[in-house]
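Engineer: Have a look; sequence and predicted model below, questions after that.
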Amino acid sequence: MTDANMLSENLCRESEARKAAEKRLEEVAAELYQTSAALQYRTQIVAEKSAMANAGLPGTSGFVGEFMVILGSMKENFWIAFIAATTLILGASYSLWLIKRVFYGDVGNAAVAKLSDINSREFMILGVLASLIILVGVYPKIISDITNSSVLQFIELVSFSKAGLL
């Protein structure tokens, strides 16, 4: 057997071993963090609001950004916008799967069952952030007014550099 063949076989074995180890690590992590919503009700509320914004539901800050990305890319190229929309859908489905797996499963580990919910102070701070997610989703002009001048400068800079290259 040549050295190249032996090296190739060793790399294949290492790759298979790494894949098996990563799969087992994912299984252990899923078992460790699987908990029920009854144990951590406040944490669940904040996590669900954040996941809704991440999924881009209308009325959340994530929707505004995703809508602007798709609308802007649609003007340039339909297929880029289609790919962007597809990845946004996949991201939203992953967020929903994550919330289901973390908060609505059985408690998979005794250490997780001992975890306490967030206290009132933490809930208040995270509640302010969740309120900002909704506020920016309902009234995005708060952010767009602040960023408008820098975005216009950036567009001018990019369009100038393209004109110089042509």
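Structural biologist: Received, thanks. Numbering: from 1, shown residues only.

Engineer: Test my guess that residue 91 contacts residue 62.
Structural biologist: No. Using CB atoms under 8 Å, residue 91 is not in contact with residue 62; the gap is 9.4 Å. (Each C-beta comes from the backbone N, C-alpha and C, glycine too.)

Engineer: the more surrounded of those two?
Structural biologist: Legend: neighbour count by other CB atoms under 10 Å for residue 91 and residue 62, higher for residue 62 (24 against 15).

Engineer: circling back: overlap of the contact sets of residue 91 and residue 62?
Structural biologist: 54, 55, 56 (CB atoms under 8 Å, 6 or more residues apart in numbering).

Engineer: now these in CSV, with secondary structure and distance to residue 157?
Structural biologist: As requested, the shared contacts of residue 91 and residue 62 are exported to CSV (DSSP: H, G, I helix; E, B strand; the rest coil; distance: CB to CB, whole Å):
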residue, secondary structure, distance to residue 157
54, helix, 30
55, helix, 33
56, coil, 29
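
Engineer: Nearest the geometric middle of this structure, what residue?
Structural biologist: Centroid-nearest residue in the chain: residue 54, 5.6 Å away (criterion: CA atoms, centre = their mean).

Engineer: which residue sits closest to that one, ignoring its sequence neighbours?
Structural biologist: Excluding the flanking residues, the one nearest residue 54 by CB to CB, 6 or more residues apart in numbering is residue 95, at 4.8 Å.
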